[in-house]
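[1] quick one: sequence and predicted model below, then my questions.
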Amino acid sequence: MSAQQTTDSIFSQLEAYGHQKVVFCSDPHTGLKAIIAIHDTTLGPAFGSTRMWTYRTEAEALYDVLRLSKSMTYKCAIAGLNMGGGYSVIIGDSRRDKSEAMMRKFGRYIKNLNGEFITSEDVGTSPRDMEYIRMETEHVTGIPESLGGSGDPAPVAAKGVLMGIKAAVREMYGNDTITGRSVIVQGIGHVGETLVKLLREENAKVYVSDINEDRVRQVSKKYGAEAVSNNSIFDIDADIYSPCALGATINTQTISKLKVGIIAGSANNQLQDEDEHGKMLLDKGILFAPDYVINAGGIINCYSELQGFSKRRTMQLTENIYEATRNVLKLSKAENISTIEAANKIAEKRIADIRKVKSTY
Ligand SMILES: NC(=O)c1ccc[n+]([C@@H]2O[C@H](COP(=O)([O-])OP(=O)(O)OC[C@H]3O[C@@H](n4cnc5c(N)ncnc54)[C@H](O)[C@@H]3O)[C@@H](O)[C@H]2O)c1
């Protein structure tokens with residue numbers, strides 16, 4: 001399904017993705033235009049971040065939130081968390097349109113869901129915004145540490161991605177050492193920058209690219225990474241491509257150009273079409289560490305916050321991403337199926353098993 005097709009029928013889309021509920025939030029006074037999508041609550045309340053982005057059309061925003069919320073269901077399931085999947089998007093320019101009133105109004109919409117949806121920060125939102133939402137509802141995480149929260153989940157997300165990269169490197173090269181391996185990090189925001197730091201600490205060769213040229217200059221200088229233009233990243237011969245910006249960067253066109261052995265990054269929904277592009281990567285021998293398996297560190301951080309935050313427990317759960325990734329890669333190899341299909345199988349099995357557990361009083 002494409003963003004264009006999403007204009008056809010909202011209900012047929014919800015049925016196709018298997019969503020339980022979608023809430024449209026409109027408040028002309030603050031300029032809030034948001035969509036909250038609740039995909040599946042079998043394992044627990046729907047958990048998902050809030051993204052603020054300049055969507056070209058409302059259909060594009062709906063398409064994004066439906067895909068993101070579905071992958072949260074799978075992400076929580078495979079990370080072993082007792083949470084369901086949801087997501088929300090706010091349509092607008094986070095640098096220009098965001099205000100305290102807008103975020104608090106949005107918090108009111110979350111409050112009215114009575115705990116069915118719990119949110120955290122994402123692209124275009126920050127711990128400060130979560131603090132505003134917290135003024136209206138308790139169903140928010142990622143609030144600043146000074147307020148008793150777990151703070152920015154991005155560094156933990158980056159740590160989890162590193163675990164996923166190591167598991168993939170082990171599968172491909174026989175050991176998980178990343179010293180001397182070359183990695184292209186596309187998007188050096190909250191997660192990307194920490195990932196660059198972690199990779200450089202282990203002496204990997206790192207290429208960085210971003211649409212924000214100032215950041216490219218700063219980050220490359222700070223960590224000794226090589227700056228590359230956003231247009232040329234698919235021409236670089238490297239071991240690993242790590243997409244840490246937005247989704248759908250892996251498509252028919254980019255797969256034909258890619259010269260890497262592994263794809264492993266933080267961006268959600270990296271494959272433009274799961275079935276088609278997952279299979280193309282399998283056929284081309286490129287090892288794809290499924291995004292929702294390896295970027296679960298952020299949600300693990302937020303989950304810990306709900307349970308009474310413990311840094312140690314958060315790190316243990318995040319380190320488990322290494323084993324979770326290995327299990328996915330092993331199943332993919334054993335059944336000769338794409339890695340995303342293998343991950344989906346493992347996640348769906350857990351949801352089905354727990355649904356049965358909950359079916360009796
Ligand atoms: N923050 C988290 O805890 C977390 C957790 C899991 C997954 N993710 C996902 O990881 C990705 C990055 O998250 P973040 O929090 O670092 O966001 P961010 O907004 O801090 O950083 C994103 C960066 O990507 C750049 N960018 C945007 N479009 C680009 C493009 N076309 N090409 C190159 N660069 C581009 C931006 O300029 C920015 O520097 C997102 O897809 C997000 O959903 C984030």
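    In hand now; what should we look at?
[2] look at Gln5 and report its pLDDT.
    Note on Gln5: pLDDT of 48.
[3] go on, Ala16?
    At Ala16, the pLDDT value in this model is 89.
[4] determine how far the helix or strand where it lies lies from the middle of the whole chain.
    Element membership for Ala16 (DSSP states H and E) is helix 10-17. In terms of C-alpha atoms, centre = their mean, to the nearest Å, the centre of helix 10-17 is found 22 Å from the chain centre.
[5] got it, and stretch 74-85?
    Its chain's C-alpha centre and that of stretch 74-85 lie 13 Å apart, by C-alpha atoms, centre = their mean.
[6] other SSEs contacting the helix holding Ala16?
    helix 58-78 (3 or more C-beta pairs under 8 Å, 6 or more residues apart in numbering; DSSP states H and E). C-beta coordinates here come from the backbone N, C-alpha and C atoms, glycine included.
[7] angle of the strand or helix carrying Ile346 against helix 58-78?
    Using DSSP H and E, Ile346 maps to helix 339-357. With axes from the mean of the first three to the mean of the last three C-alpha atoms, to 10 degrees as the basis, helix 339-357 and helix 58-78 are set at 70 degrees to each other.
[8] so for helix 339-357, mean pLDDT?
    On average, helix 339-357 scores 97.
[9] tell me the buried residues in it?
    Neighbour counts using 16 or more other C-beta atoms under 10 Å place 339-344, 346-347, 350-351 of helix 339-357 among the buried residues.
[10] residues contacting Met104?
    Actually, residue 104 is Arg. It isn't Met. 132-133, 135-136 (C-beta atoms under 8 Å, 6 or more residues apart in numbering).
[11] packing partners for whichever helix or strand comes after the helix holding Ala16?
    As assigned by DSSP H and E, the chain's next helix or strand after helix 10-17 is strand 21-27. Packing contacts for strand 21-27, counted by 3+ C-beta pairs under 8 Å, 6+ apart, involve strand 32-40, helix 58-78, helix 100-111.
[12] mind listing what's buried in the longest one?
    Going by neighbour count (16+ other C-beta under 10 Å), the buried part of helix 58-78 is 59-78.
[13] alpha carbons of the helix or strand just after it, as CSV, please.
    Per DSSP H and E, the first helix or strand lying C-terminal to helix 58-78 is strand 84-91. The C-alpha trace of strand 84-91 is given here as CSV (Å, rounded to 0.1, in the frame of the first residue of the first chain):
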residue,chain,number,x,y,z
GLY,A,84,1.2,-3.4,22.7
GLY,A,85,1.8,-1.2,19.6
GLY,A,86,0.8,2.3,18.8
TYR,A,87,2.2,5.6,17.5
SER,A,88,1.2,9.2,17.0
VAL,A,89,2.1,11.8,14.5
ILE,A,90,1.7,15.6,14.7
ILE,A,91,1.5,17.3,11.3
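[14] residues contacting the closest residue to the ligand within the stretch 151-300 of the chain?
    In the stretch 151-300 of the chain, the residue that lies nearest the ligand is Gly189 (1.7 Å; C-beta to the nearest ligand atom). Neighbouring residues of Gly189 by C-beta under 8 Å, 6+ apart: 123, 154, 210, 215, 244-245.
[15] Lys75 versus the residue nearest to Thr73 when sequence neighbours are not counted, what's the distance?
    Of all residues not flanking Thr73 in the chain, Gly85 sits nearest, at 2.8 Å (C-beta to C-beta, 6 or more residues apart in numbering). With the distance defined as C-beta to C-beta, to the nearest Å, Gly85 ends up 7 Å from Lys75.
[16] ok, Asp64 touching Thr54?
    No. Counting by C-beta atoms under 8 Å, Asp64 stays clear of Thr54, with 11.7 Å between them.
[17] show me the helices in the stretch 101-250 of the chain, by range?
    Assigned by DSSP state H, counting those that start in this stretch, the helices in the stretch 101-250 of the chain fall at 127-134, 154-173, 190-201, 213-223.
[18] give me the contact list for the shortest one.
    Residues outside helix 127-134 that contact it (C-beta under 8 Å, 6+ apart) are 50, 98, 100, 103-104, 106-107, 110, 119-121, 140-144, 147, 149, 151-152.
[19] which of the residues in stretch 78-92 are buried?
    Residues of stretch 78-92 classed as buried: 78-79, 81, 83-92 (neighbour count, 16+ other C-beta under 10 Å).
[20] and the stretch 51-200 of the chain, which residues reach the ligand?
    122-123, 153-154, 157, 186-192 (C-beta under 6 Å from any ligand atom).
[21] same thing but at 8 Å, please
    Within reach of the ligand by C-beta under 8 Å from any ligand atom, the stretch 51-200 of the chain has these residues: 51, 68, 120-124, 142, 152-154, 156-157, 186-193.
[22] could you turn the buried ones of the contacts of helix 127-134 into a PyMOL selection?
    Here is the PyMOL selection string for the buried members of the contacts of helix 127-134, based on 16+ other C-beta under 10 Å:
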select buried, resi 50+98+103+104+106+107+110+119+120+121+140+141+142+143+144+149+151+152
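[23] which ones are touching the residue nearest to the spatial centre of the chain?
    The residue lying closest to the centre of the chain (C-alpha atoms, centre = their mean) is Asn268, at 3.6 Å. With contacts defined as C-beta under 8 Å, 6+ apart, Asn268 is in contact with 68, 71, 247, 291-292, 295.
[24] let me see the domain layout of the chain.
    Annotated domains of the chain cover 5-11+19-70+84-147, 154-348 [automatic domain parsing].
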